[in-house]
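Asks: got a predicted model here, sequence first, then my questions.
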Amino acid sequence: MGPAPAPGLFAGVANVIAVVVLLIEFGMLRTALLRDQLRLYAAQSFVVSALAAVVAATHALPELYALAGLSFVLKVVIVPWVVVRLMRGTSEDIAGSSTLGVASAALVSIAVAGFGFLAVGALHLPSDVLPTTALSIAVAVVLVSFVLMVVRRDVVSQAIGFFSLENGVSLASLVVAASLPLIFEVAFLFDLLIAVVVFGVLMRVHHRRSESLSTNALTRLRG
Amino acid sequence: MALADPSLPIAVIQTAQAVTVLVAAPGVGGVIARVEARLQGRRGPRVLQPYYDLAKLFAKESLAPRHASWVFLVAPLAALTCYLTVPLLIPVLTTFPLPLGYMGDILGGGFILSLAGFSVAVAAAESGGPYAQLGSSRAKTFSAITEPVVLFVVLVVAVVTTTDLPYAMAATLRSSVTQIVRPAHLLAAAALFLVILAETSRIPVETHTGTNEFGMIDEARGFEHSGPHFAALRWGSAMKQLILYTLLINVFLAPWGLAQQATLGSVALAIVALLTKACLVGVGVTLIDNSFAKLRLFKITEFVAAAFVLAVLAVLTLYLGGG
């Protein structure tokens, strides 16, 4: 038996880019500083936008350029800027301690990501634009961002976890529906804008009430 | 070709593999130490300094703690023997497998490397010195948690090549560029690199300069040895570093420039290529050394967890994702 055949060059590169998105998601589990986490989110959004541009260039899908440009402006520039603005008033830099240690959180995330791979593998969703591996990775990104939101105990980390979940969804939509009409893709991005506003209000209100960004204070609200 | 390129017997090449590692290992260490000093704005030791150190140690007498048994004195030589055996199993100079290369697969090489580590640890425990014992117990603990990473890397090799021979992995990589860019290969190589950083006692895990401090792991193990036995330990750890670099380079990173025929010229060229590539990897390692801080002892698990994530993702994308 010879060596296992590798997918083509483009598929390999696309998979590597998708893996980078997933690795950045894992990196967010480790970062203790909120600004670092935000930087990682911007980097992740940049990678997703770059992948959209690459797909647009290689598959002659010009409307994806518009999507790549829009998501770059929105997710790499505007969202991080807005979150930085919101954080400026709070004078908190360090993320609330997570319920699990970094190593344990990484192990849980590996298990969850493995489940994502298994689940997508069972579905058999062939795509003519990107390899199915990228879809598995996108689902793993979504699941790991759930772990990030569950494990962290501060509003900013949870918000960034939610935003990066959206990155995973955009990655998945690039695989299964790259030729989706632009209006739907823009609608997804609009969803993100609403989430930013909601989380912004949540951060402000929460900080004004409890003088911290930690969600620990919320447990005291039980009647 | 104007000059005839005389062909070499296979046995000579086989021996040359072990001899290259034996002779060049301290030199590669010297180059790395020099580059590191330069990066820190120091002049640094001569490149040949490790050889002078070894010569000095071999000229000294060897002392052993009073109640230490024969194991204490045999262990450094046993470790050195192990490090001489491993180069026979991995592609050091040639693209084609040499006869003794089938003696063991990647796991076999790993077992022999751990046997060397085990014998040094036993000697350290035998010495009765608290620092040596602390170092050996830590070294064993951390190599136990890096072991799963190595196993997953081997699993990647097994799934990609359907064997676990290092020669087969290198040949697969040379066969096509698609094998190089597939994420499983890149992730496995990165995971192996992180393990090598840990195993050669480099910065995120340990400072390797041999100062006495509580963070010591590998460096502490040889505290009670002296003279020729200490020289054997030092030489052994230099060889271990070069062996691990060779494994990384010739199996995962850049399996090019190896001899394709059993001729004098191509083998000589392969030796030069190997040492150049090893020095380049060493420069990369010193860059990491100079740009990161040492982790606290209990944070090392986070470092290993990162390597584990890479290795497991490699298997997931390959085996479940079909990448």
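Replies: All right, it came through fine.
Asks: what's near enough to touch B:Leu173?
Replies: B:Leu173 makes contact with B:179-180, B:185, B:252, B:255, according to Cβ atoms under 8 Å, 6 or more residues apart in numbering or on different chains. (Each C-beta comes from the backbone N, C-alpha and C, glycine too.)
Asks: can you pull the residues of chain A lying near chain B?
Replies: Remark: the part of chain A in contact with chain B comprises A:1-4, A:6-9, A:11-13, A:15-16, A:18-19, A:22-23, A:26, A:30, A:101-103, A:106-107, A:109-110, A:113-114, A:117-118, A:120-121, A:131-133, A:136-137, A:140, using Cβ under 8 Å from any Cβ of the partner chain.
Asks: filter those residues to the buried ones?
Replies: With neighbours counted by 16 or more other Cβ atoms under 10 Å in any protein chain shown, those contain buried members at A:3-4, A:6-7, A:11-13, A:15-16, A:18-19, A:22-23, A:26, A:30, A:101-103, A:106-107, A:109-110, A:113-114, A:117, A:120-121, A:131-133, A:136-137, A:140.
Asks: so which of these sit within strands?
Replies: Restricting these to those inside strands, with DSSP state E as the criterion, leaves an empty set.
Asks: so where does the residue nearest the centre of chain A fall, helix or strand?
Replies: In chain A, the C-alpha closest to the average C-alpha coordinate belongs to A:Ser164, at a distance of 2.0 Å (Cα atoms, centre = their mean). Taking DSSP states H and E as the definition, A:Ser164 sits inside helix A:155-176.
Asks: same for that helix, what does it pack against?
Replies: With contacts defined as 3 or more Cβ pairs under 8 Å, 6 or more residues apart in numbering or on different chains; DSSP states H and E, the secondary structure elements packing on helix A:155-176 are helix A:9-30, helix A:34-59, helix A:79-88, helix A:132-151, helix A:182-210.
Asks: where does chain B dip in pLDDT?
Replies: Along chain B, the model assigns pLDDT under 70 to residues B:1-3, B:209-213.
Asks: for chain B, what's the longest helix?
Replies: Longest helix of chain B, by residue count under DSSP state H: helix B:130-161.
Asks: distance from the chain centre to that helix, please.
Replies: For helix B:130-161, the distance between its averaged C-alpha position and the chain's averaged C-alpha position is 13 Å (Cα atoms, centre = their mean, to the nearest Å).
Asks: residues of it that come out buried?
Replies: Residues B:131-140, B:142-143, B:145-146, B:149-150, B:152-161 are the ones in helix B:130-161 that count as buried (16+ other Cβ under 10 Å).
Asks: hmm, it touching chain A?
Replies: Yes: judged by Cβ under 8 Å from any Cβ, helix B:130-161 comes into contact with chain A at B:159-161.
Asks: nearest to B:Leu313, of the residues you listed?
Replies: Ranking these by separation from B:Leu313, with Cβ to Cβ as the measure, puts B:Val159 on top at 13.4 Å.
Asks: OK, contacts around that closest one?
Replies: Counting by Cβ under 8 Å, 6+ apart, B:Val159 makes contact with A:4, B:184, B:315, B:318-319.
Asks: now these as CSV including secondary structure?
Replies: Written out in CSV, the entries for those read as follows (DSSP: H, G, I helix; E, B strand; the rest coil):
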residue, secondary structure
A:Ala4, coil
B:Ala184, helix
B:Val315, helix
B:Leu318, helix
B:Tyr319, helix
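Asks: so which of the contacts of B:Leu173 wins on neighbours?
Replies: With neighbours defined as other Cβ atoms under 10 Å in any protein chain shown, the most crowded of these is B:His185; it has 26 neighbours.
Asks: element containing that one, please.
Replies: Using DSSP H and E, B:His185 sits within helix B:183-199.
Asks: need the winner for burial among the helices and strands packed on helix A:155-176.
Replies: Neighbour counts (mean count of other Cβ atoms under 10 Å in any protein chain shown) averaged over each of the helices and strands packed on helix A:155-176 peak at helix A:132-151, with a mean of 25.
Asks: turn the contacts of B:Leu173 into JSON lines, including secondary structure and distance to chain A.
Replies: JSON lines is the format used below for the contacts of B:Leu173 (DSSP: H, G, I helix; E, B strand; the rest coil; distance: Cβ to the nearest Cβ, whole Å):
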{"residue": "B:Gln179", "secondary structure": "helix", "distance to chain A": "5"}
{"residue": "B:Ile180", "secondary structure": "helix", "distance to chain A": "8"}
{"residue": "B:His185", "secondary structure": "helix", "distance to chain A": "8"}
{"residue": "B:Phe252", "secondary structure": "helix", "distance to chain A": "14"}
{"residue": "B:Pro255", "secondary structure": "coil", "distance to chain A": "13"}
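Asks: so which residues on the stretch 51-200 of chain B come close to chain A?
Replies: Counting by Cβ under 8 Å from any Cβ, the stretch 51-200 of chain B comes close to chain A at B:159-162, B:168, B:171-172, B:175-179, B:181-183, B:186-187.
Asks: those residues, buried ones only, as a ChimeraX selection?
Replies: Applying 16+ other Cβ under 10 Å to those, the buried members can be selected in ChimeraX as follows:
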select /B:159,160,161,168,171,172,178,179,181,182,183,186,187
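Asks: OK, contacts around B:Ala305?
Replies: A:102-103, A:106-107 are the contacts of B:Ala305 under Cβ under 8 Å, 6+ apart.
Asks: and if you look at B:Gln261?
Replies: Contacts were defined as Cβ under 8 Å, 6+ apart; by that measure B:Gln261 touches B:Ser7.
Asks: gap between it and chain A?
Replies: 23 Å (Cβ to the nearest Cβ, to the nearest Å).
Asks: is that residue within a helix or a strand, and which one?
Replies: Using DSSP H and E, B:Gln261 falls within no helix or strand.
Asks: now do B:Val12
Replies: Mapping B:Val12 onto the secondary structure by DSSP H and E places it in helix B:10-39.
Asks: state the distance from A:Leu107 to A:Pro80.
Replies: Counting by Cβ to Cβ, to the nearest Å, the gap from A:Leu107 to A:Pro80 is 29 Å.
Asks: now swap in B:Thr172 and tell me
Replies: Computed with Cβ to Cβ, the distance linking B:Thr172 and A:Pro80 is 41 Å.
Asks: excluding chain neighbours, give the residue nearest to the most centrally placed residue in chain B in space.
Replies: Centroid check for chain B by Cα atoms, centre = their mean gives B:Leu244 as the closest residue, at 2.4 Å. Leaving out its chain neighbours, the residue that sits closest to B:Leu244 by Cβ to Cβ, 6 or more residues apart in numbering or on different chains is B:Ile196, at 4.7 Å.
Asks: can you report how many residues lie near the spatially closest residue to B:Tyr83 that is not a sequence neighbour?
Replies: By the measure of Cβ to Cβ, 6+ apart, the closest residue to B:Tyr83 outside its immediate chain neighbours is B:Met239, 4.1 Å from it. The tally of other residues near B:Met239 (other Cβ under 10 Å) stands at 27.
Asks: how about B:Met239, what does it touch?
Replies: When contacts are counted by Cβ under 8 Å, 6+ apart, B:Met239 is found next to B:21-22, B:25, B:80, B:83-84.
Asks: circling back to that earlier point, who are the packing partners of whatever helix or strand comes next after the helix holding B:Val12?
Replies: Following the chain from helix B:10-39 toward its C-terminal end, the next helix or strand by DSSP H and E is helix B:49-58. With contacts defined as 3+ Cβ pairs under 8 Å, 6+ apart, helix B:49-58 has these neighbours: helix B:10-39, helix B:227-247.
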